[in-house]
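Engineer: 3D model of this:
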Amino acid sequence: MAPRRILFLLRQPPYATSHALEALEAVLVAGVFDQVVSVLFADDGVWQLLRDQDGDAVGMRTVGRVATALPQYDVNDIYVCGESLRRLGLSPDDLVLPVTLLDGAGQQALIAGQHAVVSD
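Structural biologist: Residues are numbered from 1 along each chain as shown. Prediction:
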């Protein structure tokens, strides 16, 4: 049986609540099973990938540091909503990982190709 394709859609800012960190940890867990796991960061979720974060300043684990572990868990398909990135005044160089930018049509195609989509 072919592995299932699971997309995690992460939209929460990194430090407003624990939701962003918990969702990212769920991605890591899914990556260790026989699944094809991908992640799409959109809206305020793009902030999770920002370089030079310091979660210690707010008493939390640094979300960007956790995100850098994605490839170690076989999560290599990492996408960012291009419009969200532009709206937040960021560029791919501001992020802790290399990403693939997607426009609206690209995001729809990505979502349509999944067996399951998990959204935070």
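Engineer: what residues are up against the nearest residue to P14 once chain neighbours are set aside?
Structural biologist: Nearest residue to P14, sequence neighbours excluded (Cβ to Cβ, 6 or more residues apart in numbering): V63, at 3.9 Å. All C-beta spots, glycine's among them, are computed from the backbone N, C-alpha and C. Contact analysis of V63 by Cβ atoms under 8 Å, 6 or more residues apart in numbering lists P14, Y15, A20, L21, L24, Q48, Q53, G55.
Engineer: mind listing which of the residues you listed are in helices?
Structural biologist: Residues of the contacts of V63 located in helices (DSSP state H): A20, L21, L24.
Engineer: from those residues, which single one is nearest H115?
Structural biologist: Nearest to H115 out of these is L24 (Cβ to Cβ; 20.5 Å).
Engineer: right, and that closest one touches L10 too?
Structural biologist: Yes: here L24 reaches L10: they are 6.9 Å apart, a contact under Cβ atoms under 8 Å.
Engineer: Between the two, which contacts overlap?
Structural biologist: Looking at what touches both L24 and L10 (by Cβ under 8 Å, 6+ apart), the common residues are Q48.
Engineer: Quick check: bridge partners of F8?
Structural biologist: Beta-bridge partners for F8, by DSSP bridges, are V39, V118.
Engineer: what's the burial count for it?
Structural biologist: 23 (other Cβ atoms under 10 Å).
Engineer: so how far is H115 from it?
Structural biologist: According to Cβ to Cβ, to the nearest Å, F8 and H115 sit 13 Å apart.
Engineer: would you put the C-alpha positions of stretch 50-58 in PDB?
Structural biologist: Extracted C-alpha coordinates of stretch 50-58, given in PDB (Å, rounded to 0.1, in the frame of the first residue of the first chain):
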ATOM      1  CA  LEU A  50      11.700  33.600  11.000                       C
ATOM      2  CA  ARG A  51      15.400  33.600  11.700                       C
ATOM      3  CA  ASP A  52      16.800  34.800  15.000                       C
ATOM      4  CA  GLN A  53      13.800  34.000  17.100                       C
ATOM      5  CA  ASP A  54      14.200  33.700  20.900                       C
ATOM      6  CA  GLY A  55      11.400  31.800  22.600                       C
ATOM      7  CA  ASP A  56      13.300  32.100  25.900                       C
ATOM      8  CA  ALA A  57      12.400  35.700  26.000                       C
ATOM      9  CA  VAL A  58       8.700  34.700  26.400                       C
END
